[in-house]
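Chemist: Take a look and give me a structure for this.
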Amino acid sequence: MQLDSHIHNALYLAFERQQWAELRKSVPLTLSESELENLRGINESISLDEVTDIYLPLSRLLNLIVEARQQRGLVLNQFLGRVPPKRPYIISIAGSVAVGKSTTARIMQALLQQWPEHPKVDLVTTDGFLYPLAELKRRGLLQRKGFPESYDMKMLVEFISKIKAGDSVVKAPIYSHISYDRITDTNQVIQQPDILIIEGLNVLQTGQDTHVAIQQPFVSDFVDFSIYVDAEESLLKDWYVSRFLQFRSGAFSDPNSYFHHYSSLTDDEATKIAANIWDSINGPNLNLNILPTRDRAHLILRKGTDHLMNQVLLRK
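Modeler: Below you'll find the model as predicted:
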């Protein structure tokens, strides 16, 4: 899963961990250990060092970019003599199942909202835009959940286009990992944040990824800055299996869980089932649909063992 060296050199500036950490430029760490604990995903060893070395420089970079965009907007609107609607700066976070996108998104939200230039930062995951369970079954897509065709792309694109247009109130569906389904009659309400972070498997997808010639917008068309969280597939599979084993005694143990039947599995049985799910669903989705979008990202965070970032690639 290494980037092609030619693409790597042509498109990206590569920073080893320590080089990147030095770009923090004395940005203060505003998260405590207890706050960080609340942001951690399942089975992730995110430490304050990781936040300091990787995420603080990234929040500094994004703050500078957003601030520059805001200043440019002020100049343009002063010239045109108009007061435009408030349009959020949109950041997308993509990557494989089990790579830690959700934790990255939550940490970035927590850090970015500490900057006075953009105190209101909202976070939306694309899980809520998966077709409801009944619809997935009707379409024969239950075993393709997470693949591009399992998402209501019309609904997702309508949502993000309203956000980008500066609509005062926009609603996003909410997903339950307990029921494995979209929650009915409950929505996340987005009200003109300064920054919107959207996190999901396929947020870097474009029209190039479809097999037919279609003129339709994609999420990526509305995104201002994109991040891809990357790791070798062997690590991703290990992390997925490990997370599955933890869910077995956690979320799966809830009697209301869609996966409650997994809670009584032995370690060997659970490991075998998780590995099979990876090999038949998550691995193919990664290689067919997610990984090919990686080199479109403005920034790639590369993870090694223990979920630790070891390299940052910044598009030139």
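Chemist: pLDDT on the helix or strand harbouring Trp20, on average?
Modeler: Assessed by DSSP states H and E, Trp20 sits inside helix 17-21. The average pLDDT for helix 17-21 rounds to 94.
Chemist: Please tell me how far Leu235 sits from Val229.
Modeler: Distance of Leu235 to Val229, given as Cβ to Cβ, to the nearest Å: 12 Å. No exception for glycine: its C-beta is placed from N, CA and C like everyone else's.
Chemist: Between these two, point out the one with more neighbours.
Modeler: Using other Cβ atoms under 10 Å, the more surrounded residue of Leu235 and Val229 is Val229, with 25 against 18.
Chemist: and the more buried one, which of the three is it?
Modeler: strand (DSSP: H, G, I helix; E, B strand; the rest coil).
Chemist: returning to that earlier point: residues in contact with the helix holding Trp20?
Modeler: Outside helix 17-21, the residues that touch it by Cβ atoms under 8 Å, 6 or more residues apart in numbering are 52-54, 57, 309-312.
Chemist: Quick check: buried residues in that helix?
Modeler: 17, 20-21 (16 or more other Cβ atoms under 10 Å).
Chemist: next one: that helix to chain centre, how far?
Modeler: 22 Å (Cα atoms, centre = their mean, to the nearest Å).
Chemist: list the helices and strands the very next helix or strand once past that helix packs on?
Modeler: Per DSSP H and E, the first helix or strand lying C-terminal to helix 17-21 is helix 33-39. Contacts defined by 3 or more Cβ pairs under 8 Å, 6 or more residues apart in numbering; DSSP states H and E place helix 33-39 against helix 101-112.
Chemist: Let me know the average pLDDT across the strand or helix carrying Leu74.
Modeler: Using DSSP H and E, the element containing Leu74 is helix 56-80. Here helix 56-80 scores 86 as its mean pLDDT.
Chemist: Surely Phe15 is in contact with Leu314?
Modeler: Yes - assessed by Cβ atoms under 8 Å, Phe15 is found in contact with Leu314 at 6.8 Å.
Chemist: for this structure, what are the low-confidence residue spans?
Modeler: Along the chain, the parts satisfying pLDDT under 70 run over 1-9, 41-45, 207-215.
Chemist: and if we set it to 80?
Modeler: Low-confidence segments of the chain (pLDDT under 80): 1-9, 26-31, 33, 36-45, 73-74, 76-77, 83-85, 207-216, 249-251.
Chemist: In it, spot the strand with the most residues.
Modeler: As assigned by DSSP state E, the longest strand anywhere in the chain is strand 181-190.
Chemist: Tell me what Tyr89 is bridged to.
Modeler: Residues in a beta bridge with Tyr89, per DSSP bridges, are Ile195.
Chemist: Count residues in the vicinity of it, would you?
Modeler: Neighbours of Tyr89 under the rule other Cβ under 10 Å: 21.
Chemist: Same question for Leu80.
Modeler: There are 9 residues near Leu80, going by other Cβ under 10 Å.
Chemist: show me what contacts it?
Modeler: By Cβ under 8 Å, 6+ apart, no residues touch Leu80.
Chemist: For the longest strand of the chain, list every residue counted as buried.
Modeler: 181-182, 190.
Chemist: what residues are up against Ile160?
Modeler: With the criterion set at Cβ under 8 Å, 6+ apart, Ile160 makes contact with 90, 198, 219, 222.
Chemist: Please tell me I have it right and the third one contacts Ser92.
Modeler: Read that as Val219. Yes - applying Cβ under 8 Å, one finds Val219 in contact with Ser92, separated by 6.8 Å.
Chemist: okay, and the common contacts of those two?
Modeler: Here Val219 and Ser92 share the contacting residues 198, 200, 203, scored by Cβ under 8 Å, 6+ apart.
Chemist: list the residues that contact both of Leu235 and Val229?
Modeler: Joint contacts of Leu235 and Val229 (Cβ under 8 Å, 6+ apart) are Lys303.
Chemist: State the three-state secondary structure for the residue lying closest to Thr186 once chain neighbours are set aside.
Modeler: Excluding the flanking residues, the one nearest Thr186 by Cβ to Cβ, 6 or more residues apart in numbering is Ile174, at 5.5 Å. Secondary structure, three-state DSSP: Ile174 is strand.
Chemist: which residues touch Ile174?
Modeler: Ile174 neighbours (Cβ under 8 Å, 6+ apart): 128, 182-183, 186-188.
Chemist: Equivalent analysis for Ala172, please.
Modeler: Contact partners of Ala172, counting by Cβ under 8 Å, 6+ apart, are 124, 128-129, 159, 187-188, 190.
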